[in-house]
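Peer 1: This is a predicted model, with the sequence first.
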Number of protein chains: 2
Amino acid sequence: MADFQPPQSITTTKNNLPIAIVHHTPIFNLSSFPWILEIVNPIDASDPLFSIHGPSARAVIVLGRSPLKSEHLDQYPSVEIVIGTSAGIDHIDLAECRRRNIKVTGAGDAFSEDAADYAVALLLDVLRRVSAADRYVRNRLWPVNGEYPLGNKLGGKRVGIVGLGSIGMMVGKRLEPFGCTIAYTSRNKKSQIPYVFYSTVLELATVSDALILCCALTDKTHHVVNREVLTAMGKKGILVNIGRGAIVDEKELVKLLVEGEFGGAGLDVYEKEPEVPKELFTMDNVVLSPHKAVLTPESFEALRNVVIGNLKAFFSNKPLLSEVNPTN
Amino acid sequence: MADFQPPQSITTTKNNLPIAIVHHTPIFNLSSFPWILEIVNPIDASDPLFSIHGPSARAVIVLGRSPLKSEHLDQYPSVEIVIGTSAGIDHIDLAECRRRNIKVTGAGDAFSEDAADYAVALLLDVLRRVSAADRYVRNRLWPVNGEYPLGNKLGGKRVGIVGLGSIGMMVGKRLEPFGCTIAYTSRNKKSQIPYVFYSTVLELATVSDALILCCALTDKTHHVVNREVLTAMGKKGILVNIGRGAIVDEKELVKLLVEGEFGGAGLDVYEKEPEVPKELFTMDNVVLSPHKAVLTPESFEALRNVVIGNLKAFFSNKPLLSEVNPTN
């Protein structure tokens, strides 16, 4: 796919300017595509490249979680498609794109496997205290204090998946052979899924030992994991969040952990990244990860193929690979 | 099972002494069984309880990895059965037990699930750098240095399992949904197993991205993972050891890691526990665990049931639950 070039007639504007623009610091190399212009900091309107190329771009590639709101869209008056490149796309103003008749694509399944793997890794780590035990050994405490305190077994745990999209499904599939009982909540009950469906996060939490958050951040999921949901899991409850920080009322989570009223957490995301609540730094029942659930060379390669595939489809008038909410 | 009592006629000797003895510091409570005597330190022959009860015991329960060699067996002249309680039983002199016509039982499958879970946890942790990333966040480096360096995806990796007993089988079963290709080496090729068999560790390493050691430590497996095996996996090779430290030539492993000639390691066991080679303490591509792969309350409960079940079977002349090498 690396050799894809749209027909010359559509790759440049009348003034021979690029027709696709990269919105943010590039995380992978697109330089083999001369018709894609990379602007390092599109927020910086003083960048001279910006005023030249911004108006001509028909496609905007939003790298990472760089915000693309109404004011940014104003800078791209010719844009017809926004290519998102992250698993969640809450940083892109979908309503505004729809209003302007701009198509939006996401990362598709490029990150799903890595995200699901990481969710399982965090759950295992919190239960079995892998990171804490590693710290114990590195701090030379083993010969001094002897055996490390017990963790807990994964098998037999009731795991509730919040958001049974492609990532959530893959989490379930991975947890089955460990002997977990899996249930879920999602926008809709899925057909032909062997897991029990609960219509609210609270109902799911009530029957779960651990919740894994795999849903998107929307108005409806903002702070949906609140104190009531967390306490419904009981004192040994475990939360794994690979979605977005703001799905959880972080202050309440921290408070419950500090009070010893909640079992543990594996967090890849936070409300105010890269800030992490300082109370968590000394806890052995939490695993702290710097928003990296999907960061592997393998998923970047998969993402690159999705991005180029979407551009190719767009410029060839073919169906997009991973259009977001095309019917909304 | 907790209420099991053998018939009064066989629970005591003529002098009303206990007939079962616990060989080492108790790790779980057996006090509900009055016919089991716990001696805190059986190695300390000066313990007055020892000289009274040692001669009468028909069963010896060896807790943890306390050695039981010929000289210890001499202290239990009436013993007919040795009940091991750890996943590996290389600390029990099997040949000597056989010579004395003493039956030996192991932990059976009590630990298998936890051990398999932990192997997967270590592999995921090494590949995805979970513990290292947790350290990065706790050291407050995220806001300063930005994103944590990439890990690697588990899916698509070729994983070689060394020792396809119950633990190895469970490791394979758990790794399948992650999209790993699984192969193995074992004493014998297993029938009806979907994984490709290799007759030596070296052959297996040659076609593997990661090796997971699930075998017992014996004369044949001592240092079986040597420099040649490790280098056969290539510079990105990964080793996970939940077996015994001495299966690996630890010096060579450390040397390769220091030289940057090997990818990473997840180690729960070491050659001279609790000593861990100090070169490893500063490495982000290793995960260090203090021999705790099977330490959960759930597996202790399962173990307790196996121990009591074996005692019950023995005193009832029924088949033992987890006899070790009964035919050798």
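Peer 2: Thanks, I have it. Numbering: from 1, shown residues only, chains lettered A, B, ... in the order given.
Peer 1: Please make it C-alpha for all contacts and neighbour counts, starting now.
Peer 2: Fine.
Peer 1: what's the burial count for the residue nearest to residue A:164 when sequence neighbours are not counted?
Peer 2: Residue nearest to residue A:164 in three dimensions, not counting chain neighbours: residue A:186, with 5.6 Å by Cα to Cα, 6 or more residues apart in numbering or on different chains. By the measure other Cα atoms under 10 Å in any protein chain shown, the count of residues near residue A:186 is 19.
Peer 1: Tell me the confidence at residue A:186?
Peer 2: Per-residue confidence (pLDDT) for residue A:186: 96.
Peer 1: Looks like it contacts residue A:168 (just checking).
Peer 2: No - between residue A:186 and residue A:168 there is no contact under Cα atoms under 8 Å: 9.5 Å.
Peer 1: mind checking how far the closest residue to residue A:88 other than its chain neighbours is from residue A:186?
Peer 2: Spatial nearest neighbour of residue A:88, excluding adjacent residues (Cα to Cα, 6+ apart): residue A:216 at 5.9 Å. Distance of residue A:216 to residue A:186, computed by Cα to Cα, to the nearest Å: 11 Å.
Peer 1: so what's in contact with those two at the same time?
Peer 2: Common contact partners of residue A:216 and residue A:186 (Cα atoms under 8 Å, 6 or more residues apart in numbering or on different chains): residue A:163.
Peer 1: how about stretch A:253-271, does it reach chain B?
Peer 2: No - shown here: stretch A:253-271 not in contact with chain B (Cα under 8 Å from any Cα of the partner chain), separated by at least 9.6 Å.
Peer 1: Just the mean pLDDT for that stretch, thanks.
Peer 2: Average pLDDT, stretch A:253-271: 98.
Peer 1: Would you mind writing the CA trace of that stretch as CSV?
Peer 2: Provided in CSV are the C-alpha atoms of stretch A:253-271 (Å, rounded to 0.1, in the frame of the first residue of the first chain):
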residue,chain,number,x,y,z
LEU,A,253,-11.7,6.4,42.9
VAL,A,254,-8.6,7.9,44.6
LYS,A,255,-10.6,8.6,47.7
LEU,A,256,-11.9,5.0,47.9
LEU,A,257,-8.4,3.7,47.4
VAL,A,258,-7.0,5.9,50.1
GLU,A,259,-9.7,4.9,52.5
GLY,A,260,-9.0,1.2,51.8
GLU,A,261,-12.6,0.9,50.5
PHE,A,262,-11.6,-0.4,47.1
GLY,A,263,-9.4,-3.2,46.0
GLY,A,264,-7.1,-1.9,43.3
ALA,A,265,-6.8,-0.3,39.9
GLY,A,266,-4.9,-0.7,36.7
LEU,A,267,-5.0,2.7,34.9
ASP,A,268,-3.6,3.5,31.5
VAL,A,269,-5.6,6.8,31.3
TYR,A,270,-6.3,9.7,33.7
GLU,A,271,-8.5,12.8,33.7
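Peer 1: quick one: buried residues of that stretch?
Peer 2: Judged by neighbour count (16 or more other Cα atoms under 10 Å in any protein chain shown), stretch A:253-271 contains these buried residues: A:253-254, A:256-257, A:261-271.
Peer 1: unless I'm mixing things up, residue A:136 is touching residue A:144, no?
Peer 2: No - between residue A:136 and residue A:144 there is no contact under Cα under 8 Å: 10.4 Å.
Peer 1: Tell me which of these two has more neighbours.
Peer 2: Using other Cα under 10 Å as the criterion, residue A:136 and residue A:144 rank with residue A:136 on top: 19 against 8.
Peer 1: quick one: what helix or strand has the more buried one in it?
Peer 2: helix A:130-138 (DSSP states H and E).
Peer 1: after that helix comes which helix or strand?
Peer 2: Using DSSP H and E, the helix or strand that follows helix A:130-138 in sequence is helix A:142-145.
Peer 1: So is that next one next to chain B?
Peer 2: Yes - using Cα under 8 Å from any Cα, helix A:142-145 reaches chain B at A:142, A:143.
Peer 1: Could I get the average pLDDT for that helix?
Peer 2: For helix A:142-145, the per-residue pLDDT averages 94.
Peer 1: contacts for the following helix or strand past that helix?
Peer 2: Counting by DSSP H and E, the next helix or strand C-terminal to helix A:142-145 is strand A:158-162. Contact partners of strand A:158-162, identified using Cα under 8 Å, 6+ apart, comprise A:168, A:172, A:180-186, A:201, A:204-205, A:207-215.
Peer 1: among those residues, which are in strands?
Peer 2: A:181, A:182, A:183, A:184, A:185, A:210, A:211, A:212, A:213 (DSSP state E).
Peer 1: so where's the stretch 1-150 of chain A shaky on pLDDT?
Peer 2: A:1-50 (pLDDT under 70).
Peer 1: Return the residues in contact with residue A:314.
Peer 2: Contacts of residue A:314 (Cα under 8 Å, 6+ apart): A:81, A:320.
Peer 1: How much space separates it from chain B?
Peer 2: As judged by Cα to the nearest Cα, to the nearest Å, residue A:314 and chain B stand 30 Å apart.
Peer 1: Give me the buried positions along the lengthiest helix in chain A.
Peer 2: Counting residues, the longest helix in chain A under DSSP state H turns out to be helix A:297-315. Of the residues in helix A:297-315, A:298-300, A:302-312, A:314-315 count as buried by neighbour count, 16+ other Cα under 10 Å.
Peer 1: List just the nearest of the residues you listed to chain B.
Peer 2: The closest of the buried residues of helix A:297-315 to chain B turns out to be residue A:298 (Cα to the nearest Cα; 6.2 Å).
Peer 1: Nearest residue to that closest one in space, ignoring adjacent ones along the chain?
Peer 2: The shortest distance from residue A:298 to any non-neighbouring residue, by Cα to Cα, 6+ apart, is to residue B:153 (6.2 Å).
Peer 1: those helices in chain A, which residues are they?
Peer 2: A:8-11, A:48-53, A:70-73, A:94-99, A:112-128, A:130-138, A:142-145, A:166-175, A:201-206, A:227-232, A:250-258, A:297-315.
Peer 1: Return the most buried member of these.
Peer 2: Counting by mean count of other Cα atoms under 10 Å in any protein chain shown, helix A:112-128 has the highest mean neighbour count of those, with a mean of 26.
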